[in-house]
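A.B. asks: kindly return the folded structure for what I paste below:
(2 chains)
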Amino acid sequence: MTMVKTRFAPSPTGRMHVGNLRTALYSYLIARHEGGCFMLRIEDTDQERQVEGAVDIINRTLAYAGIVCDEGPDKDGGVGPYVQSERCKAGIYMKYAKQLVEQGDAYYCFCTKERLESLKTADGYSFYDKHCLSLPKEEIEAKLAAGEPYVIRLNVPREGTTTFHDEIYGEITVENAELDDMILIKSDGFPTYNFANVVDDHLMGITHVVRGNEYLSSSPKYNRIYDAFGWEVPVYVHCPLITDEKHAKLSKRSGHSSFEDLMELGFLPEAIVNYTALLGWNPVDNEEIMSLDELIRKFDYTKINKSPAVFDIGKLRWMNGEYIRKMDPDAFFEAALPYLKEAVPGDKADYRVLAELAQSRIETFMDISELLGFFAEVPDYDISMYAHKKMKTTPELSLEVLRETLPFLEELADFSNDSLFEALKGFAAEKGWKNGQIMWPIRTAVSGKETTPGGATQLLEILGKEESLARIRAAIAKLENELG
RNA sequence: GGCCGAUUGGUCAAGCGGUCAAGACGCCGCCCUCUCACGGCGGAAACAACGGUUCGAUUCCGUUAUCGGCUACCA
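C.D. replies: Prediction:
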């Protein structure tokens, strides 16, 4: 039994959205699950679409995701180079294309763009008419010698059918008459994706070809190339598409589609990887939270779904929250610190305490500012916030309570949570108020928020006596002013 | 237009001829409670439609519909 070898073969065109990531991930998981080899190959045969720095993005994203290549541009395993433009310069593709020409499975084509254009039907679809297939040998040689531009096309018979097998979609058969004589070598001397892909996958010993299902319908063509060479066809694993909430193909416009975008939005790489893995596959034990190692252990590509999946950022948020809650408190503190400093600048509060408040309450790091911003400054709020039916309180009653409680608090020396709570509870009992009738106004006064992490007394402790009292005085003034 | 593929709650997703059709996110309610969150409990919510095959179809086969992909000297 040969060792499993998979590859991730992106084009460096800039983005690395979660669809690409998932393809890379599945490819990686298949290899690792079987103890096989995973490699990276850069498919840059379209010189026009190159984007500066795109290879770096790919490398960075794989590193963040924890996907480690055994072979690739930065790590030669002996069958490189792993960048197709370099392989092209080495003449690899041309050599194999010429072999096909000699065998009669491919041919030179000198047709101009104009002629090709004229072949198009009224609705804009074209199908090559094999015009150059019948060119006399001498004419071909003459044109070649004269340096006329040419392409090399695969010669697909018009009769019969071609069948190929995909692990996910099963057997797919098409009429050969449907298969165009696809171009193997372009006039700029570069191979097309279709050709380079087949040649490299074979030369590099790829056993499982994992790719997006946009290649599904062109796959029969690939088999024709494998057959022409007499090469063994790899196992195909076509992955279903990932779409946005409007069922449209994931794009840059979706805003949250690239891995690095998501990280900037405060998502943890582990959570993104975990969530992405679940788009199109799920484990038999139904356990959704999985580390990369667990994914490797449980992944079974034969159970990949056929239907496209919608990328639901809401569920990703939940999962990210799960990862945040599972984090070691120290690690969380480290990760959250930059966000905490931004949300609460200066020394208004102890960041360790704030981190503790945040850890069970946020889903992404971006939530921190909304959650804790009031520690820096009480936001503008409407005094209707003092009304709460369950607490049985109103703005009017709140004003009264705050006025009477202020002197009590001023006298209090111990501003720690527990003693504060006992003291206020006792004071309320003495005054004949319910707990909520004293806690609600205080919490509102010092936070200006309808909900806060931690209770009233905890906020007082964190803010400290001086700041707390200042905030309560300001609240009293606000209430007096607005109640008239 | 042609070819190929897909179709279980709003979303992800079990199921692979006989189930009161799992589970998760989200939503709603309850509990916990000095407001939240976390946690616990419960609820609403689905087999695209129509024909077959079968004692019996979500499951098998057709047709239609919808969505998607390919139909490039793009990948």
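
A.B. asks: could you list the low-confidence segments of the stretch 151-300 of chain A?
C.D. replies: For the stretch 151-300 of chain A, the stretches with pLDDT under 70 are A:251-256.

A.B. asks: which parts of it sit against RNA strand B?
C.D. replies: A:151, A:169-170, A:172, A:174-175, A:178, A:180, A:183, A:186-188, A:190, A:192-194, A:213-218, A:240-241, A:243, A:247-249, A:278-282, A:284, A:286, A:288 (Cβ under 7 Å from any atom of the strand). Backbone N, C-alpha and C define where each C-beta goes, glycine included.

A.B. asks: which of these are buried?
C.D. replies: Among these, those scoring as buried are A:151, A:169, A:172, A:174, A:183, A:186, A:190, A:192-194, A:213, A:215-216, A:240-241, A:243, A:278-282 (criterion: 16 or more other Cβ atoms under 10 Å).

A.B. asks: report the contact partners of the nearest residue to residue A:153 once chain neighbours are set aside.
C.D. replies: Using Cβ to Cβ, 6 or more residues apart in numbering and skipping residues adjacent in sequence, the residue nearest residue A:153 is residue A:181, 4.3 Å away. Applying Cβ atoms under 8 Å, 6 or more residues apart in numbering, one finds that residue A:181 lies in contact with A:109, A:128, A:130, A:133, A:153, A:154, A:155, A:156.

A.B. asks: can we see that at 7 Å?
C.D. replies: A:128, A:130, A:153, A:154, A:155, A:156 (Cβ atoms under 7 Å, 6 or more residues apart in numbering).

A.B. asks: tell me the contacts of the last one?
C.D. replies: Right, the one you point to is residue A:156. Counted by Cβ under 7 Å, 6+ apart, residue A:156 has contacts A:176, A:179, A:181, A:224.

A.B. asks: pull out the buried positions in stretch A:132-146.
C.D. replies: Applying 16+ other Cβ under 10 Å to stretch A:132-146 flags A:132, A:135, A:140, A:143 as buried.

A.B. asks: give the helix, strand or coil label for the first one.
C.D. replies: Assigned with DSSP: H, G, I helix; E, B strand; the rest coil, residue A:132 falls in the helix class.

A.B. asks: next up, the contacts around it.
C.D. replies: A:107, A:108, A:109, A:110, A:111.

A.B. asks: test my guess that the fourth one contacts residue A:143.
C.D. replies: Going back to what we said before, that points to residue A:110. Yes - with contact defined as Cβ atoms under 7 Å, residue A:110 and residue A:143 form a contacting pair (5.5 Å).

A.B. asks: residues from the stretch 301-450 of chain A in reach of RNA strand B?
C.D. replies: When proximity is defined by Cβ under 7 Å from any atom of the strand, the stretch 301-450 of chain A lies next to RNA strand B at A:303, A:305-310, A:312, A:314-315, A:318, A:321-322, A:325, A:360-361, A:391, A:417, A:421, A:435-436, A:439-440, A:443, A:450.

A.B. asks: run a quick neighbour tally on residue A:67.
C.D. replies: Using other Cβ atoms under 10 Å, residue A:67 is surrounded by 20 other residues.

A.B. asks: which residue sits closest to it, ignoring its sequence neighbours?
C.D. replies: residue A:28 is the one closest to residue A:67 (Cβ to Cβ, 6+ apart), at 4.9 Å.

A.B. asks: doesn't residue A:66 make contact with that neighbour?
C.D. replies: No - counting by Cβ under 7 Å, residue A:28 stays clear of residue A:66, with 9.0 Å between them.

A.B. asks: just want to know which of these two has more residues nearby.
C.D. replies: residue A:28 (27 against 15).

A.B. asks: does RNA strand B sit close to the host helix or strand of the more buried one?
C.D. replies: Here residue A:28 sits within helix A:18-33, counting by DSSP states H and E. No - judged by Cβ under 7 Å from any atom of the strand, helix A:18-33 stays clear of RNA strand B, getting no closer than 9.5 Å.

A.B. asks: mind giving me the packing neighbours of whichever helix or strand comes after that helix?
C.D. replies: As assigned by DSSP H and E, the chain's next helix or strand after helix A:18-33 is strand A:37-40. Applying 3 or more Cβ pairs under 7 Å, 6 or more residues apart in numbering; DSSP states H and E, we find strand A:37-40 packed against strand A:5-8, helix A:18-33.

A.B. asks: brilliant, that's me finished.
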